[in-house]
Structures are given as C-alpha cells and as structure tokens.
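> build me a model:
(chains A, B, C and D)
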There are 2 protein chains.
Amino acid sequence: MTDETEILRLGTRAADAVVRELEARIVSGALPDGAHLPPERDLIDTYGVSRTVVREAVAQLASRGLVESRPRYRPVVRRPGADAALAAAGGVVGHLLRESGGVKNLYDTRILIEGALVRHAALQARKADIAALARALAENEAAVPDSERFYATDVAFHAVLYDIPRNPILPAVHKAFTAWLAEHWTKMPRSPERNRVNWLRHRDIFTAIQDRDPDAAEAALTSHLNAAWEYVRGTFEGL
Amino acid sequence: MTDETEILRLGTRAADAVVRELEARIVSGALPDGAHLPPERDLIDTYGVSRTVVREAVAQLASRGLVESRPRYRPVVRRPGADAALAAAGGVVGHLLRESGGVKNLYDTRILIEGALVRHAALQARKADIAALARALAENEAAVPDSERFYATDVAFHAVLYDIPRNPILPAVHKAFTAWLAEHWTKMPRSPERNRVNWLRHRDIFTAIQDRDPDAAEAALTSHLNAAWEYVRGTFEGL
DNA sequence: GCCGCCAGTTTGGTCATACCAAAGGCGACT
DNA sequence: AGTCGCCTTTGGTATGACCAAACTGGCGGC
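You can find the predicted model right below:
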C-alpha cells in the first residue's frame, strides 16, 4: 500500500530528524546558498546526537543535492534547483544506459521532448528568442571547421530551444540529457563535412521556427536527431 | 572545469570502492533482484573495511535505488529501473514544488510532454493501443459517479498515453508526475458533474487519436489540462 | 503431528573514542 | 608586505560496545 510512492524510503532513523532540521535551516535561508555547513563536531552538540548520525544526515543531504560534499572539504550548502533533481537521478540513469536499449530509450525521450519544444518555439517564440536562435546558429556555423567547438555550439543551439518556454525545469532537462548522453556522443567521429551537414539541419530548424511552421520545425528536428542516431548507432552495438 | 557534471560528487571515499564492488555484484546478477544484502558484519571482512564504511556504502546504494533499505530490516536488492531514477529525484522535487511557480512549472512540463504523446499516439498508435485507450475511457466513464474511482481511472487513462511509445522511461515519468502532483491534485474538489466534464475531454482526446488527427488531439489535451489547472489554481495561491 | 508461543541469537542503529591525513589559518621569518 | 611552514581544525576511517527489533529454533500445548 504505502510502498507505492516510497521506493527509496530509508525508514525512520535518528538521522532523519537532523536532516529535517538542517533542511529547514537551508530553506529558511539561515544557511544561505554557498555557505558551508557547521563542522560535524558542532552539529553533534547542537542536536545532541552522535557523530555517526550527523555524518549520515549530511550524506543524505548530499544525496538530495542540498549540500555539495567533496572529500575533505566542508560541505557547501546548495539551494536545490531543477538541475539538482536531475543530477540526483543521474546515478541510476548510468545503470539504465548500460542496459540493452537504454541509450535508445533515453534518446527517443529526448526526441519526443525536443520535438515538442520546436513546435512550441514555432508557435510561441518571441523576437528575442528567434534572435537568440539566430545568434546560436551563427556561432554554430562559425565553428564548423573546429569539431570541438562545433560540439559546444551544437549543444548551445539546442539549449536555446529549452530556454524559450521560460520554464526552469527544461534547461535542467537539457543539461541532464547532454550529460548522460555525452559519453556516447563525444566519441562520435567528427569532421568539418559532418559538422556542416549538422549545421544545415540546424538552419532548417531555425528557418521553420522563423516561418512559424511547427510541422516543418518538428520534422526538421526529428530528422536531424534521427539521422544523428543512425550515424552513431554503430558506436554502441545494440544499446 | 570538472564540476560541470559532478554536481553531486561525493569525492573519493573508501566507501566508493565498496559501492562499486556491490554494484558489480548486483548488475552481474550475483545478488539478484529481491535478494537481501549480506549482513554488514559479513561485508566487513569480505572487503576488509570498517563497519562505518560498509554502512556508508549501503546508504549510497540506497540513495541510488540499487537497494531498498527499511529501518531494521536487511536491505533488499533492487535492480534499478527508470522509476528508481525518477524516485531518486523526488526528494529535491519536493522542495521545488514549495517554491513560487514550482507546481506550475512542473505542470507545464507535463503538458508539454503529454502534448507530444498524444500527437505521437494520433500518428503511431496501433490497433491494440487504441483498444487499450477505449477500454480505459470506458472504465473512466463508468467511474463518473464515484469521484475516488474516477481519479484512479483518470490517471489510468493518461497512463495509456505514456505506454504507447513502448519506451519504459515514459511510464516512469508518468508515475513521477502523478506522485509529485498528487498532493495538490487530490485536494481538488470533485463531483460527478466535474468528472463528467473531464470524461468528455478524455473522449475528445480519444476521438482525435482514433481519427489520426494529431493537431486535434494535442489541442484537446492541452485544453483539458489547462482547464484542470484553472480549476485547481485557487488551491495553491501563486504556486 | 501441527501450530503458536517464548527465549536465544542475529543484525541493523546508535554512541563514544581514538587516530590519521589533508585543509586552513596563523605567525614567524625573510 | 609577501611567503613559507607549523599547528589547529576538520573530515574520513577504525574499534568496540550496547540496544532494540527482527529472526530462528525449539518447546510445549492443542
């Protein structure tokens, strides 16, 4: 009954209380973004628990993205954003990508979402959005000879599409997609010729959006992404 | 440089090695799904580390959804699925929803995705898919007088849309959406009249899909979801 | 012979303490 | 004033102990 929504439930440990306390101090702003957490030994007598519990609490906060904890440094408070949520999912996604069809499934999901985005852009984009797209497109073109820079501007061009709806969740989704797929994507063989083809596709997408033609925009986008998939599918046999 | 993709990096602890070991034993099937982890004291001398490290390793596995750890029970191995990934993100999402506009952003994202799904359904749905939709629609209609059952069949109807592409990520996304939005959604005032209106919208969506008309399907879907939003927006002022 | 109850054992949760190594701060020295 | 190096702070790990709840097995009753 209850386990439906509590797949990851950790149960009621003493650490949970400390987690809630610290959580409250973070969201209330008492521990502002960027500040570091008090030393563990302070938290011990602040909350009257053992260091074991304190450490587990901090670990939980880290796994939730509320604090950023590097090996021997003081944990840094991070007000969570949509990207933190996606980052938290990253660990599991890594496993999914290793399974058969995992990459394909994720990529198809991306195509689905990005297809919707270009439709949205074609219908809703403001002048400033189209200008931003044009700029990204120009930088993309300028980078054609340099494969590394082309990849960066390629990502940037697609990123603009995620920015247009002005929904902070979407750029985070894009970041997550690129991070998760980057491993497979960056090993794709590249060349100025290849880059130029991709740039042409980007231009098609841009033109369709500029023309306010959602069907053409979606068609150009899916064709672009599917072609890219076909191009790299050999990289990961059957994934 | 490196922190771009390592938002949640925990650094190199001794626990990480144990995590990798156990991870390997899980994905290799040596620890099959449903089995429970060896006792902590066994892991201690299996890997030659202290119990502190073992416990941290198990906690990390739990946060990644590879094991399910309830308070005083042996952790149970869970082969991760897409739903585990989304569940991992749940903790942070809870905070996002408390922020201004958080619910709206999440809901808009849902509309974007589900709009793409109905388009896809209108273009790609097979006979069996349409039959499943028809069945869900019928059950939805039958539940009109019973608001609680209506909510369940409502969710089930939308779920069919996420099943059609046969991409396991999408049903997990749907589960995540409903779980995250349920808190706000279930407190929406309901009545058989209201249910009937919603059912009519569902029928519109179904008809459009059956007619292979993606534009009509998307329009019906967005109209349906936006109307629902307007109806409940008073529930959470300005969220 | 089967089932339920109870004690002993196992096992996860917490505490206390100690030690190490690296980070960070402070002061001396140049 | 700037730099180098020592000392303190602080996170990471190891031990060992204890508790309470879960588990197990055997005993006794039905």
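> any weak-confidence spans in chain A?
Confidence mapping of chain A against pLDDT under 70 gives the ranges A:1-12, A:234-239.
> quickly list the domain ranges of chain A.
As given by automatic domain parsing, the domain ranges for chain A are A:2-80, A:84-235.
> the closest residue in space to residue A:94 that isn't next to it in sequence - how many residues pack around it?
Taking CB to CB, 6 or more residues apart in numbering or on different chains as the measure, residue A:94 lies nearest to residue A:180, with 7.8 Å between them; neighbours along the chain are not counted. Backbone N, C-alpha and C define where each C-beta goes, glycine included. The number of residues packed around residue A:180, counting by other CB atoms under 10 Å in any protein chain shown, is 23.
> for the one helix or strand residue A:179 maps to, C-alpha coordinates in CSV please.
Taking DSSP states H and E as the criterion, the element that holds residue A:179 is helix A:169-185. Once side chains and other backbone atoms are set aside, the C-alpha atoms of helix A:169-185 remain, and they are given as CSV (Å, rounded to 0.1, in the frame of the first residue of the first chain):
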residue,chain,number,x,y,z
ILE,A,169,12.8,22.7,-15.5
LEU,A,170,13.5,22.5,-19.2
PRO,A,171,17.1,23.8,-19.3
ALA,A,172,17.8,21.4,-16.4
VAL,A,173,16.4,18.6,-18.5
HIS,A,174,18.6,19.6,-21.4
LYS,A,175,21.7,19.7,-19.2
ALA,A,176,20.8,16.2,-17.9
PHE,A,177,20.3,14.8,-21.4
THR,A,178,23.6,16.2,-22.7
ALA,A,179,25.4,15.0,-19.6
TRP,A,180,24.0,11.5,-19.8
LEU,A,181,24.4,11.1,-23.5
ALA,A,182,27.7,13.0,-23.7
GLU,A,183,29.7,9.8,-23.0
HIS,A,184,28.4,8.2,-26.1
TRP,A,185,28.1,11.3,-28.1
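> in the helix or strand hosting residue A:149, what's buried?
Using DSSP H and E, the element containing residue A:149 is helix A:147-163. Of the residues in helix A:147-163, those buried under the neighbour-count criterion (16 or more other CB atoms under 10 Å in any protein chain shown) are A:147, A:150-151, A:153-163.
> now stretch A:137-147
The neighbour-count criterion (16+ other CB under 10 Å) identifies A:137, A:139, A:140, A:141, A:143, A:144, A:147 as the buried residues of stretch A:137-147.
> quickly check these for the two that are furthest apart.
When the buried residues of stretch A:137-147 are compared pair by pair using CB to CB, the two farthest from each other are A:137 and A:147, 17.5 Å apart.
> surely residue A:192 touches residue A:149?
No. Residue A:192 is not in contact with residue A:149 according to CB atoms under 8 Å; the separation is 11.3 Å.
> pull the residues that contact stretch A:85-95.
For stretch A:85-95, contacts defined as CB atoms under 8 Å, 6 or more residues apart in numbering or on different chains pick out A:63-65, A:106, A:172-173, A:175-176, A:179-180, B:7-8, B:27, B:63-66, B:80, B:84-86, B:88-89, B:91-93, B:96.
> show me the subset of these that also lies near DNA strand C.
Intersecting these with the surroundings of DNA strand C, defined as CB under 7 Å from any atom of the strand, gives nothing.
> hang on, the earlier thing: please see if the next helix or strand after the helix holding residue A:179 touches chain B.
Past helix A:169-185, heading to the C-terminal end, the next element that is a helix or strand (DSSP H and E) is helix A:192-210. No. Where contact is defined by CB under 8 Å from any CB of the partner chain, no part of helix A:192-210 touches chain B; the two come within 15.9 Å at best.
> now helix A:192-210 against helix A:147-163, angle please.
Counting by axes from the mean of the first three to the mean of the last three CA atoms, to 10 degrees, helix A:192-210 lies at 20 degrees to helix A:147-163.
> so how far is helix A:192-210 off the chain centroid?
Put simply, helix A:192-210 sits 23 Å off its chain's centre (CA atoms, centre = their mean, to the nearest Å).
> stretch A:101-119 now?
Worked out by CA atoms, centre = their mean, stretch A:101-119 lies 13 Å from the chain centre.
> give the contact list for the residue nearest to residue A:145 when sequence neighbours are not counted.
Leaving out its chain neighbours, the residue that sits closest to residue A:145 by CB to CB, 6+ apart is residue A:192, at 5.1 Å. Counting by CB under 8 Å, 6+ apart, residue A:192 makes contact with A:144, A:145, A:147.
> quickly note the distance from the second one to residue A:199.
For residue A:145, the distance to residue A:199 (CB to CB, to the nearest Å) stands at 11 Å.
> show me the contacts for residue A:139.
Neighbour list for residue A:139: A:153, A:156, A:157 [criterion: CB under 8 Å, 6+ apart].
> so which of these comes closest to DNA strand C?
residue A:156 (32.3 Å; CB to the nearest atom of the strand).
> so that closest one touches residue A:136, yeah?
Yes. In terms of CB under 8 Å, residue A:156 counts as a neighbour of residue A:136; the distance is 5.4 Å.
> got the contact list for residue A:19?
A:57, A:60, A:61 are the contacts of residue A:19 under CB under 8 Å, 6+ apart.
> circling back to that earlier point, just send the domains of chain A back as JSON lines, with distance to residue B:123 too.
Converted to JSON lines, the domains of chain A look like this (distance: least, CB to CB, whole Å):
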{"stretch": "domain A:2-80", "distance to residue B:123": "32"}
{"stretch": "domain A:84-235", "distance to residue B:123": "11"}
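> deepest-packed of those domains, please.
Burial among the domains of chain A, expressed as mean neighbours by mean count of other CB atoms under 10 Å in any protein chain shown, is greatest for domain A:84-235, which shows a mean of 18.
> could you measure the residue most central in space within chain A against DNA strand C, distance?
Nearest residue to the geometric centre of chain A (CA atoms, centre = their mean): residue A:176, 2.0 Å. Using CB to the nearest atom of the strand, to the nearest Å, one gets 29 Å for the distance from residue A:176 to DNA strand C.
> what's the closest non-adjacent residue to that residue?
In space, residue A:176 comes closest to residue A:86 once its chain neighbours are excluded; the distance is 3.7 Å by CB to CB, 6+ apart.
> elements contacting the lengthiest helix in chain A?
In terms of residue count, the longest helix belonging to chain A (DSSP state H) is helix A:102-124. Of the remaining helices and strands, those touching helix A:102-124 by 3 or more CB pairs under 8 Å, 6 or more residues apart in numbering or on different chains; DSSP states H and E are helix A:82-98, helix A:147-163, helix A:169-185, helix A:192-210, helix A:214-232, helix B:102-124, helix B:169-185.
> so how far is the helix holding residue A:179 from its chain's centroid?
Helix A:169-185 has its average C-alpha position 4 Å from the chain's average C-alpha position, going by CA atoms, centre = their mean.
> what comes into contact with it?
Applying CB under 8 Å, 6+ apart, the contact partners of helix A:169-185 are A:81-83, A:85-87, A:89-90, A:93-94, A:97, A:103, A:106-107, A:110, A:113, A:117, A:151, A:155, A:158-159, A:162-163, A:232, A:235-236, A:239, B:4-5, B:105-106, B:109, B:112.
> please apply the same query to stretch A:24-32.
Counting contacts by CB under 8 Å, 6+ apart, the residues outside stretch A:24-32 that touch it are A:22, A:37, A:66, A:67, A:77, A:79, B:95, B:98.
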